[in-house]
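[1] After the sequence you'll find the predicted model.
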Amino acid sequence: MRISTLSIYSNATSQLNTLQSALARTQMQLSTNRRIITPADDPVASARALEVSQSKEMNSQYATNRSSARSSLSTVEGALQNAGDLLQDIQQLAVNAGNGTMVQGDRIKLATELEGRLQDLLGVANSTDGAGGYLFSGYMATTQPFNQNGTGASYQGDQGQRMLQVGASRKMPLSASGSAVFENNLTGNGTFQTQADKTNTGAAIISSGSVIDRSLAEQGKSYKLSFAVTGTPAVTTYSVVDTSVAGVETPVAGQTGIPYEAGKAISFGGISFDIKGEPADGDDFTMEPSEKQSVFTTVTNLINALKAPADGSSGKAALSNSLNTALDNLKQAHDNVLTVQASVGAHMKELDYLDSAGDDLDIQYAATLGDLQDLDVVKAISDFSQQQTTLQAAQMSFKTMSGLSLFNYL
């Protein structure tokens, strides 16, 4: 069989190129410590490695998001802590205002101090996150949430909560709306509120009361208790009517013309309270379902109560009733702030767990990528040495073969 010189050179060159390519590929694997240089090396492993790499990058982004969320929640927690401290201080001032030895001038001074506390509380409610965004304005981050007015403050934000993806299946709020923190406060004891009518002329003081039958107390009914002083010697009695329907007063069964005993529990409709002191003829007290009231309205009402004259037994009783109402409402507001603060703390604790789970996932993704892409260095070095020897042998043999010629023997 005849083999042309052209075929010898063509086949040898092709074979040498193949051996050189294999050697170059192995050298590239060693220099990058990667088994897969191009997707063609292992299409299935390449596709899987791409998926795992994307998941690993997403996990890294979630870690960055968690860091941002922790920073935002820490700022919110600090603001809520300040709000709680201020409310506790305001409650203490309200208790001090009930000191019977105080004169009007002392109460005016307390009212002035409370006005300062109110400004501080508004400052906390209008706190920013350090980047120009307000913490408690919901989605309206560039709008100041609270503006002071004659009855307290008006809320300018919305009910939204800014969220951030901190895990593959978890979004976390970065803040709380100002409405939920500072306005979502129930009045009274949380179920109903007792109040003295502003036109009362007696010296009776009503307690906050308590629930004795929740199924009845939570029916949302309103009541009015009225005193009557008749006869000689004077006998004080009271009657209770249901005022749930506007303009209609329905007597409550068994609560008509009841002799009044100071400090004795009065119970009906699933609620119980007591009245102390001497009521006047025609004095009224109301029991209404608790409603939501802004903490700024509560503090403003307290300031106004301290500024009002408290002359005589009726004036002192009105002041005591106002202080009791304010203390009940302040307690509810403080409890609400603590509840929101606890929620923020729970979210921060959850971030710690998510960080731990994210670190574990990162290790798992790295291990999977290693299995798919990492090079067996020992095997690669052995292959490189073998391929180098093979290439050298092929080059020497081609050199020898290409040097053969019939003319050398003629």
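    Here it is on my side, so go on. Residues are numbered from 1 along each chain as shown.

[2] what's the pLDDT at the most centrally placed residue in the chain?
    Against the mean C-alpha coordinate of the chain, by Cα atoms, centre = their mean, the closest residue is residue 344 at 4.4 Å. The per-residue pLDDT reported for residue 344 equals 93.

[3] With residue 33 instead?
    Residue 33 is assigned a predicted lDDT (pLDDT) of 73.

[4] Could you do residue 42 as well?
    Confidence per residue is given as pLDDT, and for residue 42 that number is 68.

[5] where exactly do the helices run in the stretch 51-200 of the chain?
    Counting by DSSP state H, counting those that start in this stretch, residue ranges of the helices within the stretch 51-200 of the chain are 104-125, 178.

[6] what residues are up against residue 171?
    When contacts are counted by Cβ atoms under 8 Å, 6 or more residues apart in numbering, residue 171 is found next to 163, 164, 165. Just so you know, the C-beta spots here come from the backbone N, C-alpha and C atoms, and that holds for glycine as well.

[7] scratch that, residue 67 is what I was asking about
    The contact partners of residue 67, taken as Cβ under 8 Å, 6+ apart, number zero.

[8] quick one: it and residue 355, what's the gap?
    The spacing between residue 67 and residue 355, counted by Cβ to Cβ, to the nearest Å, is 9 Å.

[9] How about residue 267?
    Shown here: residue 267 relative to residue 355, a distance of 53 Å by Cβ to Cβ.

[10] swap in residue 113?
    Separation of residue 113 from residue 355 (Cβ to Cβ) stands at 44 Å.

[11] How about the secondary structure of residue 237?
    Applying DSSP: H, G, I helix; E, B strand; the rest coil to residue 237 yields a three-state assignment of strand.

[12] If it is in a bridge, with which residues?
    For residue 237, the beta-bridge assignment (DSSP bridges) gives partners residue 228, residue 259.

[13] number of nearby residues for it?
    Residue 237 sits with 15 neighbouring residues when counted by other Cβ atoms under 10 Å.

[14] Check what pLDDT it gets.
    In this model, residue 237 is scored at 96, pLDDT.

[15] quick one: it from residue 257, how far?
    5 Å.

[16] Common neighbours of the two, please.
    When contacts are counted by Cβ under 8 Å, 6+ apart, residue 237 and residue 257 are jointly contacted by residue 228.

[17] how's the chain carved up into domains?
    Taking automatic domain parsing as the reference, the chain has its domains at 44-187+291-374, 207-289.

[18] would you turn those domains into CSV with distance to residue 7?
    Below are these laid out as CSV (distance: least, Cβ to Cβ, whole Å):
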stretch, distance to residue 7
domain 44-187+291-374, 38
domain 207-289, 101
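
[19] out of those, deepest packed?
    Sort the domains of the chain by mean neighbour count, taking mean count of other Cβ atoms under 10 Å, and domain 44-187+291-374 sits at the top with a mean of 17.

[20] ok, the residue nearest to residue 287 when sequence neighbours are not counted - contacts?
    Taking Cβ to Cβ, 6 or more residues apart in numbering as the measure, residue 287 lies nearest to residue 223, with 4.4 Å between them; neighbours along the chain are not counted. Counting by Cβ under 8 Å, 6+ apart, residue 223 touches 240, 241, 242, 243, 252, 268, 269, 286, 287, 288.

[21] and the lengthiest helix in the chain, how far out from the chain's middle?
    Taking residue count as the measure and DSSP state H as the definition, the longest helix of the chain comes out as helix 312-373. If you compare the mean C-alpha spot of helix 312-373 with that of the full chain, they lie 6 Å apart, counting by Cα atoms, centre = their mean, to the nearest Å.

[22] Summarise which helices and strands that helix is packed against.
    Secondary-structure packing of helix 312-373 (3 or more Cβ pairs under 8 Å, 6 or more residues apart in numbering; DSSP states H and E): helix 43-97, strand 163-167, strand 170-173, strand 192-196, strand 205-206, helix 295-307.

[23] Quick one: distance of the fifth one to the chain centre.
    If I follow you right, that is strand 205-206. Remark: strand 205-206 is offset 38 Å from the chain centroid, using Cα atoms, centre = their mean.
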